[in-house]
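1. Sequence and computational prediction follow.
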Amino acid sequence: MKVIVVGGGAAGMSAASRVRKLLPQSEIKVFEESSYVSYAPCGIPYYVEDLVNDINALVTYTPEFFKKERNIDVHIKTKVTKVNLSAKELTTVSDEGEKTESFDYIVLSTGAIPFVPDKRWLEANHVYALRHLEDGYTLKNDLKNLQNVAVIGGGYVGVEMAEALSKIGKKVTVFEMRRLMPNLDPEYSQIIKQEMEKRSIKVIEGFTVKAVENSGEKVRIVGDTEQPLFDAAVLGLGVRPNVELARSMGLKLGETGAIWVDDRMRTSEPSVYAAGDNVEVNDLVIKGRKRYAPFAPEANKEGYIAGSNIGNQNITFPGSAGSAITKFYDLEIGVVGITEDEAKKYGIEAFPVKIKHNAKASYYPPQEEVYLKIVFDKKRRVPLGGQVVGKNVWGRLAYLSLAIENGITVDRMFFSGVPYAPPFAPVWDSLIVASRIFYERV
Ligand SMILES: Cc1cc2nc3c(=O)[nH]c(=O)nc-3n(C[C@H](O)[C@H](O)[C@H](O)COP(=O)(O)OP(=O)(O)OC[C@H]3O[C@@H](n4cnc5c(N)ncnc54)[C@H](O)[C@@H]3O)c2cc1C
């Protein structure tokens, strides 16, 4: 049995490791076009910030480790350019030229590509999009001589990069076409904006960037109003599934534009599995819908499932509710599930509960707050979505995610065992208070 893994990120290396464990006699090869496998792009902002000094700290295991400990052949700087499904052969290109490989199974784990509206933006000097560790390395190096930086896009990566750049003393301006973290309610988004302004970051919302180009050595941001020139621009405009190879293979793409897979992570072609930022999965909030969830925890688990099923297990991936978290300095920000507007779109009568509460016992210093919104389904009495902003967000978001994913009713949530001690939560935690509001009013 010969298994080829295309892409050595979180999904690919999880799949390869799982196949090795279950099929000790198999031959496993991983082809990765960048210089690293088993790496954490999520750490790039913290590397730029210098919280992490060595880029290699973002690499969990090296190719040598995979060979020695798991007998997996890793080929870095090698791109898979073509797959011939009927001949069960694929073509790789590296410095050594073009080669052909046979396979029994493929795992396509090609990840995502940063969204850039016009590829000419990236042709300009000092304009950066983040995908591979090399991108983080180049940015950090170049930044030594650059001071005035524009961040384009106010989503997760934009917020994290704004923090990183501000912490290393850059003058930062964030451009966002809607509002910061647009999947949050406007007033929560406003809290992030205020935090940014407190840190002397300029935030320009409602600004659609039409072009990014050079003006001499500087970077010009073109939009409806004239902007000063910048030394550099970092793009954080979201990602799109990397489906180029899948498309060329004739694999079915799904309703979100990502690769369609069944719940065993098998594509429309039986010998090809796919996992990670290139696939869509079941939406755990609106049944029957697919969700594009380009997050590291999903990628790892999907890779595990793909590898397990190639290894003759029969396990399924339930799907995702899109639980995601980030922070800006001390302000933690989490979202999961759907918004009130989305609920309306699906014909669901939503009952939103929005509260501002103490993040821990009111007497326990320093006084910190948490803003919590839960969107409930009025008829089914279950949570559909949540937004958590402030302090101690991770635990609350994890609880809410589990409740949403599993259809836990509000009646059960109200009386659930949320732990309490003064440094962590008030005795009536925000999650319980929000559930109680629904319980008493509906
Ligand atoms: C700056 C940044 C911050 C992030 N922060 C978070 C976070 O805080 N939390 C979170 O959950 N997620 C975060 N993410 C997203 C997370 O990194 C991804 O969800 C995760 O890496 C997906 O894993 P993957 O294996 O699907 O894709 P990737 O890790 O992208 O790996 C795919 C690999 O495939 C390779 N490849 C593609 N095509 C080919 C080909 N034809 N031949 C050979 N190789 C190929 C690519 O080079 C790439 O290395 C962040 C991403 C970035 C960029």
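-> Cool, got the structure.
2. residues near residue 132, how many?
-> By the measure other CB atoms under 10 Å, the count of residues near residue 132 is 18. Heads up, the C-betas are built off the backbone N, CA and C, glycines and all.
3. With adjacent residues omitted, what lies nearest to it?
-> residue 34 (4.4 Å; CB to CB, 6 or more residues apart in numbering).
4. same check, this time on residue 46
-> residue 52 is the one closest to residue 46 (CB to CB, 6+ apart), at 5.0 Å.
5. With just CA atoms, put the host helix or strand of residue 353 into PDB.
-> Element membership of residue 353, judged by DSSP states H and E, is strand 350-358. What follows is strand 350-358, C-alpha atoms only, in PDB (Å, rounded to 0.1, in the frame of the first residue of the first chain):
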ATOM      1  CA  ALA A 350     -33.800  33.800  17.100                       C
ATOM      2  CA  PHE A 351     -33.800  35.000  20.700                       C
ATOM      3  CA  PRO A 352     -30.600  37.000  21.300                       C
ATOM      4  CA  VAL A 353     -29.400  37.500  24.900                       C
ATOM      5  CA  LYS A 354     -26.700  40.100  25.300                       C
ATOM      6  CA  ILE A 355     -25.000  40.800  28.700                       C
ATOM      7  CA  LYS A 356     -22.100  42.600  30.200                       C
ATOM      8  CA  HIS A 357     -20.900  40.800  33.200                       C
ATOM      9  CA  ASN A 358     -18.000  40.500  35.600                       C
END
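6. And the contacts of it?
-> For strand 350-358, contacts defined as CB atoms under 8 Å, 6 or more residues apart in numbering pick out 185, 340, 343-344, 367-378, 384, 426, 429-430, 433-434, 437-438, 441-442.
7. helix or strand right after it?
-> Next element after strand 350-358 (DSSP H and E): strand 369-377.
8. what angle sits between that next one and strand 350-358?
-> If you take axes from the mean of the first three to the mean of the last three CA atoms, to 10 degrees, strand 369-377 sits at 160 degrees to strand 350-358.
9. Buried residues in strand 369-377, which are they?
-> 370, 371, 372, 373, 374, 375, 376, 377 (16 or more other CB atoms under 10 Å).
10. now swap in stretch 74-83 and tell me
-> 74, 75, 76, 78, 79, 80, 83.
11. For residue 436, which residues are in contact?
-> Contact analysis of residue 436 by CB under 8 Å, 6+ apart lists 414, 428.
12. swap the cut-off to 7 Å and go again
-> Under the criterion of CB atoms under 7 Å, 6 or more residues apart in numbering, the neighbours of residue 436 are residue 414.
13. Wasn't it part of a helix?
-> Yes - judged by DSSP: H, G, I helix; E, B strand; the rest coil, residue 436 forms part of a helix.
14. Please list the residues of the stretch 51-200 of the chain that sit near the ligand.
-> 79, 80, 109, 110, 111, 130, 131, 157 (CB under 6 Å from any ligand atom).
15. Measure how buried the nearest residue to the first one once chain neighbours are set aside is and give me the count.
-> This points to residue 79. Leaving aside its sequence neighbours, residue 79 sits nearest to residue 33 (CB to CB, 6+ apart; 4.1 Å). Using other CB under 10 Å, the number of residues around residue 33 comes to 19.
16. let's number from 461 now, not from 1
-> With the count now opening at 461, the last piece we talked about shows up as residue 493.
17. Could you pull up the contacting residues of the residue most central in space within the chain?
-> The C-alpha lying nearest the average C-alpha coordinate of the chain belongs to residue 755 (CA atoms, centre = their mean; 3.3 Å). Residues near residue 755 by CB under 7 Å, 6+ apart: residue 784.
18. Quick check: the gap between it and residue 689.
-> Residue 755 sits at a distance of 35 Å from residue 689 (criterion: CB to CB, to the nearest Å).
19. Please spell out which residues along stretch 507-525 are buried.
-> Neighbour-count burial for stretch 507-525, counted by 16+ other CB under 10 Å, picks out 507, 508, 509, 512, 515, 518, 519, 521, 522, 523.
20. you'd agree the first one is up against residue 595?
-> This points to residue 507. No - between residue 507 and residue 595 there is no contact under CB atoms under 7 Å: 10.6 Å.
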